[in-house]
Structure formats: structure tokens, C-alpha cells
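Chemist: Okay, sequence plus prediction incoming.
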Amino acid sequence: MSHDFPAYAPSEEQELLRATVRELADAKIAPFAAEVDEDARFPQE
């Protein structure tokens with residue numbers, strides 16, 4: 001990620017974890033959050 005400071009760049013394993021979490025958030029969390037926002041409600045579940 002950072003070309004200026006390669007020592008601080010995430011490892012390949014960290015990048016894979018980041019991508020996996022991003023996919024999960026996009027697939028499962030974002031649609032639910034959009035619905036909650038659209039309904040202007042606080043989820044109790």
C-alpha cells in the first residue's frame with residue numbers, strides 16, 4: 001500500500017484478511033445498513 005515506507009506495508013496475509021472483511025461487509029452489512037437508514041430506524045435485533 002505505501003511505497004514511501006515499505007516496512008510499514010501490510011503483509012500479504014493482512015491484505016487478504018482486509019479483502020475478505022470488505023467482501024463480507026459489502027455483501028451482508030451494507031444492504032442491511034441501507035435498509036435501516038432508509039427506514040430511519042434503530043435496529044433492535
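Modeler: Perfect, I can see it now.
Chemist: from here on, contacts and neighbour counts on C-alpha atoms
Modeler: Fine.
Chemist: Gln14: how many residues sit nearby?
Modeler: Other residues within reach of Gln14, judged by other Cα atoms under 10 Å, total 11.
Chemist: Can you name the helix or strand that it falls in?
Modeler: Gln14 belongs to helix 12-24 when assigned by DSSP states H and E.
Chemist: right, and the helix or strand after that helix?
Modeler: Following helix 12-24 in sequence order, the next helix or strand is helix 30-39 (DSSP H and E).
Chemist: Show me where this structure dips below the pLDDT cut-off.
Modeler: Applying pLDDT under 70 to the chain flags the ranges 1-3.
Chemist: Spatially central residue for this protein, please.
Modeler: Residue closest to the average C-alpha location in the chain (Cα atoms, centre = their mean): Arg22, at 3.6 Å.
Chemist: if we can go back for a sec, please export the C-alpha coordinates of the helix holding Gln14 as PDB.
Modeler: Extracted in PDB, the C-alpha atoms of helix 12-24 (Å, rounded to 0.1, in the frame of the first residue of the first chain):
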ATOM      1  CA  GLU A  12       0.000 -10.400   2.000                       C
ATOM      2  CA  GLU A  13      -1.900 -12.200   4.800                       C
ATOM      3  CA  GLN A  14      -3.200  -8.900   6.100                       C
ATOM      4  CA  GLU A  15      -4.200  -7.700   2.700                       C
ATOM      5  CA  LEU A  16      -6.200 -11.000   2.200                       C
ATOM      6  CA  LEU A  17      -7.900 -10.500   5.500                       C
ATOM      7  CA  ARG A  18      -8.800  -6.900   4.600                       C
ATOM      8  CA  ALA A  19     -10.200  -8.000   1.300                       C
ATOM      9  CA  THR A  20     -12.200 -10.800   2.900                       C
ATOM     10  CA  VAL A  21     -13.700  -8.500   5.500                       C
ATOM     11  CA  ARG A  22     -14.500  -5.900   2.800                       C
ATOM     12  CA  GLU A  23     -16.400  -8.600   0.800                       C
ATOM     13  CA  LEU A  24     -18.400  -9.600   3.900                       C
END
